[in-house]
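> Show me how the following folds:
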Amino acid sequence: MIVIVVAMVYCSAYGLTLERVAYRPLRNAPRLSPLISAIGMSIFLQNYVMLTQGSADKIFPHILPAGGLSLGNASLTYLQIFIMMASMLLMITLHAFIRKTRLGKAMRATAQDKKMASLVGIDINNVIMITFIIGSVLAAVAGVMVAMYYGLVNFYMGYVAGIKAFTAAVLGGIGNIQGAVLGGLLLGICEGLGAAYISSEYKDAFAFIILIMILIFKPTGLLGERVPEKV
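The predicted model follows:
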């Protein structure tokens with residue numbers, strides 16, 4: 001628990017800094033500019049961690065006891081059960097926060113139309129900043145759970161996880177929490193079946209294949225809605 005809290009504090013500080021340095025100056029720039037800035041900051045952070053923490057893998061200690069539960073021919077370890085329960089709790093809490101709270105409504109209004117949101121009194125700078133902090137806190141918890149599952153930490157492991165998270169979001173529909181959940185489940189099933197019946201060496205490649213197919217045939221995702229372009 002202490003590890004999760006420390007990771008949340010550190011990542012929220014990183015998220016706040018990134019929003020101020022890499023995103024806020026480009027808020028009114030073309031859409032490609034923030035994307036390039038995000039890629040650049042990702043490369044910078046990877047190299048920063050490599051230089052400060054070293055490039056060697058670090059062992060993550062086992063926190064939960066060994067063993068698990070058997071369900072027919074399937075078996076689940078206590079760690080897998082913990083990850084699934086924690087993930088579902090976080091997603092339900094996030095959905096309730098976005099839908100029920102005043103700040104969540106301000107986030108949705110800002111995402112839909114920043115200019116109109118500011119005209120009705122919403123401080124879009126603070127809303128976007130808080131959104132980055134919340135996203136960074138959730139990413140910290142996800143990072144700790146990934147480290148618990150694999151039992152090690154290195155400076156590069158977040159890149160593949162980030163690509164798969166983006167793929168899951170696109171698959172389900174950008175901006176749709178239920179879609180992201182569905183996309184993550186479908187992506188995991190496709191990877192598992194592909195590794196079992198095709199080759200485990202290409203397990204990570206399946207995420208890119210799914211991403212390409214979704215962008216070609218259904219860019220809005222499974223649960224996404226096509227939004228008319230404003231002229």
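> From now on I want contacts and neighbour counts done on CA atoms only, so please keep to that.
Noted.
> now the one helix or strand in the chain whose mean pLDDT sits lowest, how far from the centre of its chain.
Least confident helix or strand of the chain, by mean pLDDT, DSSP states H and E, is strand 68-71 with a mean of 78. In terms of C-alpha atoms, centre = their mean, to the nearest Å, the centre of strand 68-71 is found 28 Å from the chain centre.
> Could you look up the next helix or strand downstream of that strand?
Counting by DSSP states H and E, the next helix or strand C-terminal to strand 68-71 is strand 74-77.
> Give me the residues contacting that following strand.
With contacts defined as C-alpha atoms under 8 Å, 6 or more residues apart in numbering, strand 74-77 is touched by A66, G67, G68, L69, S70.
> and what of stretch 217-225?
Here stretch 217-225 makes contact (C-alpha under 8 Å, 6+ apart) with V170, L171, G172, G173, I174, G175, N176, G179, I214, R226.
> so where's the protein uncertain?
224-231 (pLDDT under 70).
> Mark which of the contacts of stretch 217-225 are buried, thanks.
Buried residues within the contacts of stretch 217-225, counting neighbours by 16 or more other C-alpha atoms under 10 Å: V170, L171, G172, G173, I174, N176, G179, I214.
> Tabulate those (JSON lines), appending secondary structure.
Converted to JSON lines, the buried ones among the contacts of stretch 217-225 look like this (DSSP: H, G, I helix; E, B strand; the rest coil):
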{"residue": "V170", "secondary structure": "helix"}
{"residue": "L171", "secondary structure": "helix"}
{"residue": "G172", "secondary structure": "helix"}
{"residue": "G173", "secondary structure": "coil"}
{"residue": "I174", "secondary structure": "coil"}
{"residue": "N176", "secondary structure": "coil"}
{"residue": "G179", "secondary structure": "helix"}
{"residue": "I214", "secondary structure": "helix"}
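> Which two of these have the greatest separation?
Across the buried ones among the contacts of stretch 217-225, the longest distance by C-alpha to C-alpha is 15.5 Å; it joins N176 and I214.
> Output the contacting helices and strands for the longest helix seen in the chain.
Criterion DSSP state H: the longest helix present in the chain is helix 124-150. Counting contacts by 3 or more C-alpha pairs under 8 Å, 6 or more residues apart in numbering; DSSP states H and E, helix 124-150 is packed against helix 2-18, helix 78-100, helix 102-112, helix 114-119.
> would you list these in a markdown table and tack on distance to A161?
Shown next, in a markdown table, are those (distance: least, C-alpha to C-alpha, whole Å):
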| stretch | distance to A161 |
| --- | --- |
| helix 2-18 | 16 |
| helix 78-100 | 15 |
| helix 102-112 | 25 |
| helix 114-119 | 30 |
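> Throw those into JSON lines and include distance to Y202 and mean neighbour count, thanks.
Converted to JSON lines, those look like this (distance: least, C-alpha to C-alpha, whole Å; neighbours: other C-alpha atoms under 10 Å):
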{"stretch": "helix 2-18", "distance to Y202": "31", "mean neighbour count": "16"}
{"stretch": "helix 78-100", "distance to Y202": "23", "mean neighbour count": "14"}
{"stretch": "helix 102-112", "distance to Y202": "36", "mean neighbour count": "16"}
{"stretch": "helix 114-119", "distance to Y202": "41", "mean neighbour count": "14"}
